[in-house]
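Peer 1: Here you go, sequence then predicted model.
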Amino acid sequence: MKKTLLIICFLIISFAKAQDIVRPITTGVPFLLVAADARAAGLGDQGVATSSDVFSQQWNPAKYAFAEDAQGLSISYTPYLTDLANDISLGQVTYYNKINEKSAFGASFRYFGFGGIELRQTGDPTEPVREVNPNEFALDGSYSLKLSETFSMAVAFRFINSNLKVASEDVDASAARSFAVDVAGFYQSEEIAYTDFNGRWRAGFNIQNLGPKISYDNDDISNNFLPTNLRVGGGFDFIFDPYNKLGVSVELTKLLVPTPPGPGVPVDVNNDGDFDDPEDITAAESYDANYKKYKDTGWVQGVFKSFGDAPDGFSEELKEITYSAAAEYMYQDSFAMRLGYYHESPMKGAKQFFSLGAGFKYNIMKVDVSYLFSASKMRNPLENTLRFSLTFNFGDKYEVY
């Protein structure tokens, strides 16, 4: 479907108006935060502490060290903004290989395409229509290693390319590029015998997208923080018998990015009781000064600053933490049903939704699907969207105790 630039601008303006009473944290390349696989999407966008699968590259690559299959390959497809267009989508290809019982490497390629956008010269109907195809992609590689029988760590490297700028005679349209690093850990207990069932504990963390800011104009004004974030989660598997298993999990996420400044506060420099003197600072000038400090903050400094810079103090810091809860029922490791809930504070974007998912495995092939129901007044770009993932697992099997 062809889209004009006017439609895209209208969408952006609508979102901005809907959020003018809140203080969301915005970053560059937000596509890195979108769940690309249907399993995690069905579990409320979580995967840092769930069982190992091919999709672990995005959520916690340390899980690859606990993979049962020697190799895995997956292809995922996520339609985006389906109410607006049918050619905006997120796709991802992921591959991992266990080198031995203790280590593994993984690689993935993620591509976000905005489809074709028609550009028309206003006031000149004879001007030929020009079409552009903005896109973004990320190329990842990871290595994971078991440090003990129950704990592993991993490091991942990411190259990011964002080609969203539209070229013209006066504007350079070179893509913005950056790189990032993830540091992750994963704990998986041995199977424990309880009175009526066996069980297994899981826990994980991942510090994602640690890297320099990204900018289209190579200046301090237009630069943007990467979506650096901290994921922490835990879960438990109820293993009722060899055929039936129920896994429950929770996950907390916080962006490690400074909070944008609040409204400017006028300053009475000479303390004469009014704010009309030339030397006094207006609210607009105060905001501009605070915003400049925000843009001048380095990405390393921003990580540490993000824990205590919210204008409304600790209560606002807590609102910057999103949480999700999920359950996954497995039958014979061949059929899965999933349910999840995701919550983000209304002050920070109001993304709240329920998700459903299912998985079907036959031989080495597995198909996963998921569906999202928005639970917020804010429209979700993935609302009423089916997501699909196709997985192939092959090679030797590794025992998990």
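Peer 2: Okay, I see it.
Peer 1: got the domain boundaries for the protein?
Peer 2: Using automatic domain parsing, the domain parsing of the chain gives 3-258+297-397, 259-293.
Peer 1: Now mean pLDDT and mean neighbour count too, for the ones you listed, in TSV please.
Peer 2: Bear in mind the C-beta positions are built from the backbone N, C-alpha and C, glycine included. Converted to TSV, the domains of the chain look like this (pLDDT from 0 to 100; neighbours: other C-beta atoms under 10 Å):
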stretch	mean pLDDT	mean neighbour count
domain 3-258+297-397	87	18
domain 259-293	66	13
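Peer 1: what ranges do the strands span in the stretch 51-200 of the chain?
Peer 2: All strands of the stretch 51-200 of the chain, identified by DSSP state E, counting those that start in this stretch, fall at 69-79, 89-98, 103-113, 117-119, 130-132, 135-146, 151-163, 176-188, 192-193, 198-210.
Peer 1: ok, the fifth one: who's next to it in the sheet?
Peer 2: In this case it means strand 130-132. Strands adjacent to strand 130-132 in the sheet, as given by DSSP bridges, are strand 117-119 (antiparallel).
Peer 1: so Asn56 makes contact with Phe66?
Peer 2: One correction, residue 56 is Ser, not Asn. No - contact status for Ser56 versus Phe66: not in contact, 9.1 Å apart, counting by C-beta atoms under 8 Å.
Peer 1: Name the nearest residue to Pro381, sequence neighbours excluded.
Peer 2: On the basis of C-beta to C-beta, 6 or more residues apart in numbering, the spatially nearest residue to Pro381 that is not a chain neighbour turns out to be Leu81, at 4.9 Å.
Peer 1: Same question for Tyr401.
Peer 2: Glu190 (5.0 Å).
Peer 1: tell me the contacts of the one you found?
Peer 2: Going by C-beta atoms under 8 Å, 6 or more residues apart in numbering, Glu190 touches 149-150, 200, 401.
Peer 1: Which pair of these spans the longest distance?
Peer 2: Greatest spacing in those, by C-beta to C-beta: Glu149 and Arg200 (13.0 Å).
Peer 1: Strands along the stretch 251-400 of the chain, start to end?
Peer 2: So, for the stretch 251-400 of the chain - with DSSP E, counting those that start in this stretch - the strands run 321-331, 335-343, 353-362, 365-374, 386-397.
Peer 1: Out of these, flag the one nearest Tyr111.
Peer 2: Comparison of the strands of the stretch 251-400 of the chain against Tyr111 by C-beta to C-beta identifies strand 386-397 as nearest, at 14.8 Å.
Peer 1: ok, that closest one: who's next to it in the sheet?
Peer 2: Applying DSSP bridges to the sheet, strand 386-397 is found paired with strand 69-79 (antiparallel), strand 365-374 (antiparallel).
Peer 1: out of the ones you listed, nearest to Tyr243?
Peer 2: Across the strands paired with strand 386-397, closest to Tyr243 is strand 365-374 (C-beta to C-beta), at 17.4 Å.
Peer 1: what angle do that closest one and strand 335-343 make?
Peer 2: Strand 365-374 and strand 335-343 meet at an angle of 30 degrees, taking axes from the mean of the first three to the mean of the last three C-alpha atoms, to 10 degrees as the criterion.
Peer 1: Please write out the alpha-carbon positions of strand 365-374 in PDB.
Peer 2: Extracted in PDB, the C-alpha atoms of strand 365-374 (Å, rounded to 0.1, in the frame of the first residue of the first chain):
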ATOM      1  CA  MET A 365       9.900 -27.800  12.900                       C
ATOM      2  CA  LYS A 366       8.000 -25.500  15.300                       C
ATOM      3  CA  VAL A 367       5.400 -22.800  14.500                       C
ATOM      4  CA  ASP A 368       4.500 -20.100  17.000                       C
ATOM      5  CA  VAL A 369       1.800 -17.500  16.800                       C
ATOM      6  CA  SER A 370       0.600 -14.700  19.100                       C
ATOM      7  CA  TYR A 371      -2.100 -12.100  19.400                       C
ATOM      8  CA  LEU A 372      -2.300  -8.800  21.400                       C
ATOM      9  CA  PHE A 373      -5.300  -7.100  23.100                       C
ATOM     10  CA  SER A 374      -4.700  -3.600  24.200                       C
END
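Peer 1: List of residues touching that strand?
Peer 2: For strand 365-374, contacts defined as C-beta under 8 Å, 6+ apart pick out 37-39, 41-42, 336, 338, 352-361, 380, 382-393.
Peer 1: before we move on, back to that, relative to Asp217, which of the strands paired with strand 386-397 is closest?
Peer 2: strand 69-79 (29.8 Å).
Peer 1: Let me see the residues that make contact with that closest one.
Peer 2: By C-beta under 8 Å, 6+ apart, the residues outside strand 69-79 that reach it are 34-38, 41, 53-55, 86, 88-98, 382, 385-398.
Peer 1: Repeat that for stretch 240-250.
Peer 2: Applying C-beta under 8 Å, 6+ apart, the contact partners of stretch 240-250 are 43, 46, 49-51, 197, 202, 233-239, 323-333.
Peer 1: With stretch 213-229 instead?
Peer 2: 26-30, 32-33, 160, 162, 164-165, 174, 176-178, 180, 207-212, 253-258, 295-296, 299, 302-303.
Peer 1: For the spatially most central residue of the chain, give its distance to Glu131.
Peer 2: Most central in the chain under C-alpha atoms, centre = their mean is Leu33, positioned 1.3 Å from the mean C-alpha point. From Leu33 across to Glu131, the span is 28 Å (C-beta to C-beta, to the nearest Å).
Peer 1: and the end-to-end length of stretch 51-62?
Peer 2: 11 Å (C-alpha to C-alpha, to the nearest Å).
Peer 1: So what's the gap between that stretch and the chain middle?
Peer 2: Centre-to-centre, stretch 51-62 and its host chain are 14 Å apart (C-alpha atoms, centre = their mean, to the nearest Å).
Peer 1: Next: stretch 104-123.
Peer 2: Distance, centroid of stretch 104-123 to centroid of chain: 17 Å (C-alpha atoms, centre = their mean).
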